[in-house]
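In: okay, here's the prediction I keep looking at, along with the sequence it came from:
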Amino acid sequence: MDCQSGQIQPQTRQTNCIPCFAGKQHNDMRTGCADCVAGKFNGAAGGVCTECTAGQHQNDTGQTTCRNCSIGEEHDSSRAGCTACVAGKYNAVDGEVCQDCTAGKYKNETGGGGGGGGG
C-alpha cells in the first residue's frame, strides 16, 4: 500500500495509513514521521513541511508555524533565521522583506526600518 504525502504505515499488510502530527511529515520510506527541519513548518496533521514564507523564519525543528522577522531584517537563505537589511535597503514592517530605498533616499547602515532611508 502506498501512503499519501503526510501519512505513514510502519507495519506490513495494513489497509490504511496514519497521518503524521502537525510539525512533522513522512520519512522517505513512509514508515515513520520526522520533524520538519529548521526553516520549514507544517500546520496540519497529515500535511507536509513547507518552507517559511518570505519575511518569516523558523529556527526550531518540528514546528507548526513560522515567526516574523523584525523591522530592519528579512529571512536568511535557509529561512532558519533573520539577517539585517544591507545598506541601500530597508524594511519598516515585521514579517516583510527588505526592499530598495525609494528614489532620492539612502540608507548607509545595515538593519533598521527607516521607511526608505534617511537622507
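Out: Cool, the structure landed.
In: ok, Ala92 to Ala54 distance?
Out: Using C-beta to C-beta, to the nearest Å, Ala92 is found at 15 Å from Ala54. All C-beta spots, glycine's among them, are computed from the backbone N, C-alpha and C.
In: where does the spatially most distant residue from the centre of the chain sit: helix, strand or coil?
Out: When distances are taken from the C-alpha mean of the chain, Arg13 lies farthest, 36.5 Å away, according to C-alpha atoms, centre = their mean. The three-state assignment at Arg13 reads coil, by DSSP: H, G, I helix; E, B strand; the rest coil.
In: got a pLDDT number for it?
Out: Confidence at Arg13, expressed as pLDDT, is 91.
In: with Gly115 instead?
Out: Gly115 is assigned 52 on the pLDDT scale.
In: ok, now which ones touch the residue farthest from the centre of the chain?
Out: Not one residue lies near Arg13 by C-beta atoms under 8 Å, 6 or more residues apart in numbering.
In: start the count at 56 instead of 1 going forward.
Out: Done: numbering now begins at 56, and the last item shifts to Arg68.
In: now do the phi/psi pair for it.
Out: phi 60, psi 40 (degrees, to the nearest 10).
In: where do the strands sit along the protein?
Out: Listed in chain order, the strands found in the chain under DSSP state E are 62-63, 73-74, 79-81, 88-90, 95-96, 105-106, 111-112, 122-123, 128-130, 137-139, 144-145, 154-155.
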